[in-house]
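A.B. asks: this is the structure alone, sequence omitted:
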C-alpha cells in the first residue's frame, strides 16, 4: 500500500490473492476511540480502478486487535465492489448499490460481506485497534467510518461525519389483537425491527410458524421471522441485508431436512436474487447468486429474481425465476441442496411485442410442484392467448408440455372464459391440479380452476364476481394471486382485493367447486394512513394447521405494513344436494357437510313452525356426504327438513 495526496488516500499497488493479505506490508493499522459502547458496522469510501472486477477487492480484520497477515480466519474478504456503492448525498448506504468504477463511492462493508453483526465495543474498552489489508491493485480508499448497527447513514452523513436525524426503531405493537397474531410495525426511513410487507405465506417448522417479509427490518431488505401458533414469541431472527447477502424475499420458505430454503428477488453477488439455506439461529448460506442481467436485453444465463416456493426431489431443489434467461422471461432451474450443481431446465422464450404471445409462456411467478419425475407449474404471461399457461416438464428438463393456454382477454372488459395471468402456482389433490388466475373470467376478477395432470378436463370452479366501480368491494373477493391449500376435501385460499370491505378476503369452496364461502373479509383500510386493525391485501395463501388457518397480509394493520393472521376454520353448514320423492311417497334426501361428522336431521310441516322433530341421526362419510330416507312422508302434503352436526 502507499499514501497519495490531494486528497490523501490509500492505494493498493500490487495484486494479491487468496484469503489473507500475505505480508505485514499489505496491512494498514488504525487506533480508533469510540464515543460509546455498542455494535458498529464498517463503512468505507472507495474508488475502483479501470480494471473493474480486477480492481475491487480488499480485506478487513474479522475483529478488533492486531492480526496475522497470513491467517485466513483473521480476515474478511470483500470482493465484487465494482458493481456496488452509493454516491448521491441522500442515498442510504447499505450493502447494495449499483455504481461501477472510476468514482468515489460509499459502501457498508459489513453488510456487503455478509457480516451484518459487525463489531462489538464494550464500555470498558472504547479504544480499539483495527486493520485493513490489500488484495487487488487499482483499489483506492480514502475514508473509513464505524456506524451503529440499525442506523441509516446517508452518503452526506458519512462525508461529513454526522449522525442522521434520529430514527428510533421501536416495537410499537406487541402481542396478538383479534385475528392479527402479529402486527408489523411502521417503517421509519424504510426500517423497523420486525420487517414489513410479508408477500410470502407461512411454513410450519417444528411447532412454530416461519415466514419472511419483502421490506423493512434493520437493513430495509426484509427479515425472516418465526412465532408460536398463538402469536407469542415473535422473533425476526434474520434480517436480510442485500448484496452479496440475500435480500427481499417474496416466496414461501420450504422446510426440508431440518433446514429452511428460500429465494430472494434481490441480493446476491450481482444484486438480482438468490437461493438460500438457513436455520432459525439466523445462519444463512447463499446457495446460488444469479448472474448479471444485460441492461439492454434484460437477458442472462440462468435467470434472475426468483420469487416462489421451491420444490424438492431427492437432493435437488427445483424453482423458477421471473426475469432473465435467454428470452428475458424467466427460467426453470434445478439446484442441489448444497448449491454445487445448478442447471437451467427451460428458458421461457421472448413474447411478440404486439400480441404478448409465444409458444411456451412467460414470467413464471408461481413456482413448481413435483410429482414423481415431473414438475408442474404456471407462467403468468405469454402462451397462445398472451394470458399465461399451465405446463409440465421432466425433472431432467425434458418433455416440456403446455397443458393449457389461457385464452385472450377482451380488451375493454378484461374478461374471458377461463381466467388470465395465473400467478399463484398449483396444488395437487387426488390426481388433479388446482390453481387461480389474478384476472380474466366472467367478470375479469379472476377464477379458481382445476385440470388433470395430463392436461384434460380443464374446469373453472369459480368465477370471482364483479367489484363495485367506486368502492372496489364484492361478496367473494377478487384478484387471487396465491397458491391454494386443499384440506379436508375443501379448497382454501385468499383474494388479494375485493371482499366486503375492498381489502381482500379468505375463502373456501368444496373440491368440486360448490359451496363457496367467504371465511373472513378483511376490514376497511383508512385511505389516509393505509391502516386498519387486522391487515389487508393478502397476496399469499393460507396454511391449515389443526382447526385453524394461518396467513399474512401485505398491507394494513395498525402499522400499515401488514400482519400475520390466524382464523378458526368454521364448521360447514350441511346442505341438501338432492331430494327424490319415490313413487310410494317416501322421500330420499342427500346431504353434504363435514367429513365424518354426526348429524341430526329434523323435520316440520311448516317452515315457520317452532316445533321441529328429530327424525334421524346419520354419520357422514369421508367426503362429508350422507343420505336419509323418510318413510313417514308418504301421507303428508308438505315436509321441511334441516340438519345440524354435533
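C.D. replies: That came through, no problem. The structure displayed is predicted, hence computed values, not measured ones.

A.B. asks: how far does stretch 452-459 stretch from start to finish?
C.D. replies: From its first residue to its last, stretch 452-459 covers 9 Å (CA to CA, to the nearest Å).

A.B. asks: for the record, mean pLDDT for it?
C.D. replies: Within the predicted structure, the mean pLDDT of stretch 452-459 is 97.

A.B. asks: ok, now stretch 360-373?
C.D. replies: Averaging pLDDT along stretch 360-373 yields 96.

A.B. asks: and stretch 99-119, what's buried?
C.D. replies: 99, 101, 104-116, 118-119 (16 or more other CB atoms under 10 Å). Quick note: C-beta positions are derived from backbone N, CA and C, even for glycine.

A.B. asks: I should have written stretch 565-584 there, sorry.
C.D. replies: 565, 566, 567, 569, 572, 574.

A.B. asks: try stretch 617-633
C.D. replies: Here stretch 617-633 shows 618, 620, 624, 625, 626, 628, 630, 633 as buried, counting by 16+ other CB under 10 Å.

A.B. asks: hmm, the third one is touching residue 514, no?
C.D. replies: No. Contact criterion CB atoms under 8 Å: residue 624 and residue 514 do not qualify, at 11.3 Å.

A.B. asks: follow-up on the earlier one: now, the buried residues of stretch 99-119 that are in helices?
C.D. replies: Counting by DSSP state H, those place 109, 110, 111, 112 in helices.

A.B. asks: quick one, what contacts the third one?
C.D. replies: Shown in contact with residue 111 (CB atoms under 8 Å, 6 or more residues apart in numbering): 41, 94, 95, 219, 241, 242, 245.

A.B. asks: same list, these, but as a markdown table with neighbour count and distance to residue 421 please.
C.D. replies: Listed next are the contacts of residue 111 as a markdown table, based on neighbours: other CB atoms under 10 Å; distance: CB to CB, whole Å:
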| residue | neighbour count | distance to residue 421 |
| --- | --- | --- |
| 41 | 26 | 41 |
| 94 | 24 | 33 |
| 95 | 28 | 34 |
| 219 | 26 | 32 |
| 241 | 29 | 32 |
| 242 | 26 | 29 |
| 245 | 29 | 32 |
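
A.B. asks: longest helix anywhere in the protein?
C.D. replies: The chain, longest helix under DSSP H: helix 155-160.

A.B. asks: ok, and what's touching that one?
C.D. replies: Here helix 155-160 makes contact (CB under 8 Å, 6+ apart) with 43, 45, 86-91, 93, 106, 143, 145, 147, 162-164.

A.B. asks: now do stretch 46-60
C.D. replies: With CB under 8 Å, 6+ apart, stretch 46-60 has contacts from 9, 12, 20-21, 42, 75-83, 85, 100-105, 107, 109, 113, 130-142.

A.B. asks: span of it from start to end?
C.D. replies: Taking CA to CA, the first and last residues of stretch 46-60 lie 14 Å apart.

A.B. asks: how about it: buried residues?
C.D. replies: 46, 47, 48, 49, 55, 56, 57, 58, 59, 60.

A.B. asks: just flag the most distant two among those.
C.D. replies: 49 and 60 (18.9 Å; CB to CB).

A.B. asks: how close does residue 522 sit to residue 551?
C.D. replies: According to CB to CB, to the nearest Å, residue 522 stands 11 Å off from residue 551.

A.B. asks: identify the contacts common to those two.
C.D. replies: Common contact partners of residue 522 and residue 551 (CB under 8 Å, 6+ apart): residue 538.

A.B. asks: re the thing from before, joint contacts of residue 624 and residue 514?
C.D. replies: Common neighbours of residue 624 and residue 514, counting by CB under 8 Å, 6+ apart, are residue 592.

A.B. asks: which element follows the lowest-mean-pLDDT helix or strand in the chain toward the C-terminus?
C.D. replies: Lowest by mean pLDDT, DSSP states H and E among the helices and strands of the chain is strand 2-4, with a mean of 46. As assigned by DSSP states H and E, the chain's next helix or strand after strand 2-4 is strand 9-11.
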